[in-house]
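>>> using only what follows, build the 3D model:
(2 chains)
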Amino acid sequence: MPNTPDQPDDVLIVALAERDLGALAALYERYGRLAYALAYRILGEGEAAEDVVHDAYISAWRGAASYRRERGNVRGWLMSIVHHRAVDVLRRKTTFRPAPLEAAAERAADDDTAEAAERNVEHQTVRAALEGLPQAQRRTIELAYFGGYTHVELAELMGVPLGTVKGRMRIGLQKLRRALELQGTHREQSR
Amino acid sequence: MIHVTDELELYALGALTPIDRARVAAHLSECPACREQARAIDEVVQELPETLPAGREAPGRLRDRILASARAELTAVREPQRDTAWTARLVRPALALALVMWLAVGAAAVVNENLSLSNQLNVVASDRAYYESIVEGIRQGGRWWYMAAKDDWTGSGGTLIAPRAEGRPPFVVFHDLRPLPKGQLYTIWLVSSDNTWVRGANFRPDGKDVQAVDVTAAIAGFDRCAVTIENSAWGRRAGPVVMESRIAPAQ
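Residues are numbered from 1 along each chain as shown, chains lettered A, B, ... in the order given. Just a heads-up that it's a prediction; the model follows:
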């Protein structure tokens, strides 16, 4: 049975497509915490985050056969499902009125206080790379990805043209890529 | 072809409106060059969750809940087939869900590749009218093919059911359809071997877990069915394919 926790993601995803509960459990053990942290960060409440992670994993369970290796690794695929679902829920739930920039920033700051939490080197270096960006670029990326804001809403919130929002995202992500490559932490496509 | 390189960062970060997102997704499904650029940007964006603090623990019950849901689907598939003689007495709506499952199990045993039918039906939580319409379709025999959604639409799906009964049109039972922005609709297509696309139905998701949609065209002569997201209820296919399956109608 390929469903031991030590199996690579690519093996687990094949097993998942064959309806292997062990593979589902192993993928949850591996990425459930990250998935929950992402959903919680976007939605700001535990119960909704729990629902999103549950639905995302069941989606993966049902749709594992549609996973395409060339589109990205398993972790990214799972986080992408979680992210889409969480943003969908956020936008639907609130008919999505953009919160004041300060409020969104405050929510981000809340998460930043969990210094006591155990974090490995990889997390620290990715975070360092993000924090190394100029504030405007970092904030634009964070508010889009974690805040669920569209670029139109961001332009309004930040009082800048749409082109500036796009430019900040583009340059910010390019810098982030270079920083991650330099630090040698850019993940291989498979474990 | 108008490329979307200017919007790939927005797409990867989820910062496009649903309409623009669908447009970019449609382009990516057909443009390898943009798809390669999008993949490179995705690699970076997929690192963003790693910036979150690890202190936020998922509740212990979440793992059990996920496994219980998955196990329930497996159980529905593996449950032994029972005597279906009583199925003709389909007059008690309260039994409809169980009947759907049993019929799906029996069907899956006959048509191996369609095990997922029982899985998708298993997600139904309410609305007996739907159960009854599905049961009625299955009761009339015929064949069915499951269309798994792909890419951004993973988690959705639909089963094209071709009832054996004369005069009963084919229909698709969808599950977990994503909502669409105003002005967009799902279109069911039947595709022939020479790549002719024939529109079988247009519809908007009704927000329920399961939605049945009649197909207006007969499936004979087609070897593929697909679902796209379109901006128009007529004309040639323009939107992205979100789910599809090969079909092999009985001659």
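
>>> when you work out contacts or count neighbours from here on, use the C-alpha atoms and nothing else.
Noted.

>>> relative to residue B:11, how far out is residue A:22?
As judged by Cα to Cα, to the nearest Å, residue A:22 and residue B:11 stand 33 Å apart.

>>> more neighbours, these two?
Shown here are residue A:22 and residue B:11; by other Cα atoms under 10 Å in any protein chain shown, residue B:11 has more neighbours (22 against 18).

>>> show me where pLDDT drops low in the stretch 151-251 of chain B?
For the stretch 151-251 of chain B, applying pLDDT under 70 flags the ranges B:164-168, B:249-251.

>>> residue ranges for the strands of it, please.
Remark: strands assigned in the stretch 151-251 of chain B by DSSP state E, counting those that start in this stretch are B:157-162, B:171-175, B:185-191, B:197-203, B:210-214, B:224-230, B:241-246.

>>> need the residues that contact the third one.
Strand B:185-191 is contacted by residues B:197-205, B:215, B:217, B:219, B:222-233 when judged by Cα atoms under 8 Å, 6 or more residues apart in numbering or on different chains.

>>> the lengthiest helix in chain B near chain A at all?
The longest helix of chain B (DSSP state H) is helix B:60-78. Yes. For helix B:60-78 and chain A, the contact criterion (Cα under 8 Å from any Cα of the partner chain) is met by B:62-63, B:65-67, B:69-71, B:74.

>>> output stretch A:167-180 as CSV, nothing but the C-alphas.
Presented in CSV, the C-alpha positions along stretch A:167-180 are these (Å, rounded to 0.1, in the frame of the first residue of the first chain):
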residue,chain,number,x,y,z
GLY,A,167,3.0,46.8,-11.5
ARG,A,168,3.5,46.3,-7.8
MET,A,169,2.3,42.7,-8.0
ARG,A,170,4.4,41.9,-11.0
ILE,A,171,7.6,43.5,-9.7
GLY,A,172,6.9,42.2,-6.2
LEU,A,173,6.5,38.6,-7.4
GLN,A,174,9.6,38.9,-9.6
LYS,A,175,11.6,40.0,-6.6
LEU,A,176,10.1,37.3,-4.5
ARG,A,177,11.1,34.7,-7.0
ARG,A,178,14.7,36.0,-7.2
ALA,A,179,14.9,36.1,-3.4
LEU,A,180,13.7,32.6,-3.0
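
>>> return the set of buried residues in it.
Using 16 or more other Cα atoms under 10 Å in any protein chain shown as the burial criterion, the residues of stretch A:167-180 that qualify are A:167-170, A:172-173, A:175-177, A:179-180.

>>> so where is chain A shaky, pLDDT-wise?
In chain A, residues with pLDDT under 70: A:1-5, A:94-123, A:184-191.

>>> hmm, 90 instead?
Counting by pLDDT under 90, chain A shows low-confidence ranges at A:1-7, A:10, A:17-19, A:44-47, A:59-73, A:84-85, A:87-132, A:178-191.

>>> same for the helix ranked longest in it, what does it pack against?
Taking DSSP H as the criterion, chain A has its longest helix at helix A:21-43. Judged by 3 or more Cα pairs under 8 Å, 6 or more residues apart in numbering or on different chains; DSSP states H and E, the packing partners of helix A:21-43 are helix A:9-17, helix A:46-63, helix A:74-93, helix B:60-78.

>>> closest to residue B:26 out of those?
helix A:74-93 (17.0 Å; Cα to Cα).

>>> for that closest one, C-alpha coordinates in CSV please.
Taking C-alpha atoms only, helix A:74-93 is exported to CSV below (Å, rounded to 0.1, in the frame of the first residue of the first chain):
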residue,chain,number,x,y,z
VAL,A,74,0.6,18.7,-5.0
ARG,A,75,1.0,21.1,-2.2
GLY,A,76,0.4,24.0,-4.5
TRP,A,77,-2.6,22.3,-6.0
LEU,A,78,-4.1,21.7,-2.6
MET,A,79,-3.4,25.2,-1.4
SER,A,80,-4.9,26.6,-4.7
ILE,A,81,-8.2,24.7,-4.0
VAL,A,82,-8.2,26.0,-0.4
HIS,A,83,-7.5,29.6,-1.6
HIS,A,84,-10.1,29.6,-4.2
ARG,A,85,-12.8,28.2,-1.9
ALA,A,86,-11.9,30.6,0.9
VAL,A,87,-12.0,33.6,-1.3
ASP,A,88,-15.3,32.5,-2.8
VAL,A,89,-16.7,32.1,0.7
LEU,A,90,-15.4,35.5,1.8
ARG,A,91,-16.8,37.3,-1.2
ARG,A,92,-20.2,35.5,-1.1
LYS,A,93,-20.6,35.9,2.6
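
>>> how many neighbours does residue B:60 have?
The burial count for residue B:60: 8, using other Cα under 10 Å.

>>> where's it relative to chain A, distance?
10 Å (Cα to the nearest Cα, to the nearest Å).

>>> and that residue, how far is that from residue A:29?
11 Å.

>>> how about residue A:41?
19 Å.

>>> so these two - more neighbours on which side?
More neighbours surround residue A:41 than the other of residue A:41 and residue A:29, with 23 against 13 (other Cα under 10 Å).

>>> which non-adjacent residue is nearest the more buried one?
Counting by Cα to Cα, 6 or more residues apart in numbering or on different chains, residue A:146 is the residue found nearest to residue A:41 once chain neighbours are left out, at 6.5 Å.

>>> ok, that neighbour - contacts?
Going by Cα under 8 Å, 6+ apart, the list of residues near residue A:146 reads A:38, A:41-42.

>>> take those and write them to JSON lines, including distance to residue A:88.
Putting the contacts of residue A:146 into JSON lines (distance: Cα to Cα, whole Å) gives the following:
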{"residue": "A:38", "distance to residue A:88": "14"}
{"residue": "A:41", "distance to residue A:88": "14"}
{"residue": "A:42", "distance to residue A:88": "10"}
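
>>> and which of those is nearest chain B?
residue A:38 (5.9 Å; Cα to the nearest Cα).

>>> tell me the buried residues in the longest helix of chain B?
Of the residues in helix B:60-78, B:62-63, B:66-67, B:69-70, B:73-74, B:76-77 count as buried by neighbour count, 16+ other Cα under 10 Å.
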